[in-house]
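Visitor: build me a model from this:
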Amino acid sequence: METARTELKDQLATELLEATGSLAPVAPLRDRLEGMDLADAYYVQTVQLDHHLASGRVLAGRKVGLTSLAMQQQLGVDSPDFGFFFEDMVHGDGADIPASAFISPKVEPEFGFVLKSRLQGPGVTLEQAAAAIGAVYPAIEIIDSRVADWDIRLVDTVADNASCGAIAVGSTALDVDPSALLDVSCSLVIDGETLGTGTGADVMDNPVAPLAWLANVLGEQGVALEAGQLILPGSFTKAEPVTAGSTATADFGALGALTINFI
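Guide: Residues are numbered from 1 along each chain as shown. Presented below is the predicted three-dimensional model:
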């Protein structure tokens with residue numbers, strides 16, 4: 001029975017891998033694996049990670065999602081999740097990004113933490129996590145769902161690499177100390193219209209908390225966050241859709257901004 005269940009999880013991972021290339025979404029996973037739980041979902045995610053690494057893609061970092069009340073309410077969940085991204089998924093400030101590379105993209109404004117030292121749990125504290133941050137950059141995550149019509153619950157998005165599509169990160173670090181992020185404000189501006197604003201405190205009450213949480217969760221699996229990796233701790237606002245012709249900005253006011261264009 002367990003063998004059949006593992007085979008089905010492997011099949012779901014294969015479907016998601018194929019959907020990433022074909023942009024043809026799949027049916028909700030929760031409806032096809034009876035009693036699907038988070039352990040099942042992360043198994044499906046890890047199969048995909050291992051496949052990509054075996055093919056030669058280079059891990060650039062990790063993202064934590066569902067860390068703000070706005071995003072939890074948008075998806076109807078009460079806990080964060082995490083996923084991964086590769087170097088070929090990272091774009092720079094001013095990038096022109098084909099909207100056709102995604103199924104149904106949305107954008108989220110975030111901090112981007114570049115680690116200066118290795119961080120491995122369990123037992124990582126907020127102070128240790130903050131001390132591991134070498135620089136803080138403006139960032140935007142482009143989320144996308146390989147599950148049809150964004151019809152997802154927590155297990156669906158976790159299995160689907162936490163709905164990660166791509167990452168954009170600024171070229172200039174924000175002039176802010178990692179210990180002073182709670183009061184930093186960021187707005188999501190699309191086509192010149194401000195659609196949402198939040199502060200660091202909206203990201204799990206402290207944007208360093210998702211970093212510590214991630215280090216501890218991965219640490220239980222024997223996985224460390226490495227120096228040089230980029231970690232996105234979660235969105236300031238709810239996600240907003242974009243299409244070809246859209247321009248999206250993560251506006252940190254006097255601290256700086258990051259803008260990307262969808263073509």
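Visitor: can I get stretch 211-229 in PDB? Just the C-alpha atoms.
Guide: Taking C-alpha atoms only, stretch 211-229 is exported to PDB below (Å, rounded to 0.1, in the frame of the first residue of the first chain):
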ATOM      1  CA  LEU A 211      14.600  32.900   8.000                       C
ATOM      2  CA  ALA A 212      15.000  31.300  11.400                       C
ATOM      3  CA  TRP A 213      12.000  29.100  10.800                       C
ATOM      4  CA  LEU A 214      13.300  28.000   7.400                       C
ATOM      5  CA  ALA A 215      16.800  27.200   8.800                       C
ATOM      6  CA  ASN A 216      15.200  25.100  11.600                       C
ATOM      7  CA  VAL A 217      12.800  23.200   9.300                       C
ATOM      8  CA  LEU A 218      15.500  22.400   6.800                       C
ATOM      9  CA  GLY A 219      18.000  21.700   9.600                       C
ATOM     10  CA  GLU A 220      15.700  18.900  10.800                       C
ATOM     11  CA  GLN A 221      16.300  17.300   7.300                       C
ATOM     12  CA  GLY A 222      20.000  17.800   7.600                       C
ATOM     13  CA  VAL A 223      20.000  20.700   5.100                       C
ATOM     14  CA  ALA A 224      21.800  24.000   5.700                       C
ATOM     15  CA  LEU A 225      21.300  27.500   4.300                       C
ATOM     16  CA  GLU A 226      24.700  28.400   2.700                       C
ATOM     17  CA  ALA A 227      26.600  31.700   2.600                       C
ATOM     18  CA  GLY A 228      25.900  33.500  -0.600                       C
ATOM     19  CA  GLN A 229      22.300  32.100  -1.000                       C
END
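Visitor: in that stretch, what counts as buried?
Guide: Using 16 or more other CB atoms under 10 Å as the test for burial, stretch 211-229 gives 211-219, 225, 229. Any C-beta I mention is one placed from the backbone N, CA and C, and that applies to glycine too.
Visitor: any low-confidence regions in the stretch 1-150 of the chain?
Guide: Within the stretch 1-150 of the chain, the ranges that satisfy pLDDT under 70 run 1, 71.
Visitor: need the strands for it, in chain order.
Guide: Assigned by DSSP state E, counting those that start in this stretch, the stretch 1-150 of the chain shows strands spanning 59-65, 81-86, 90-92, 96-97, 106-115, 133-143.
Visitor: what's the closest of those to Gly192?
Guide: Nearest to Gly192, of all the strands of the stretch 1-150 of the chain, is strand 106-115, at 14.5 Å by CB to CB.
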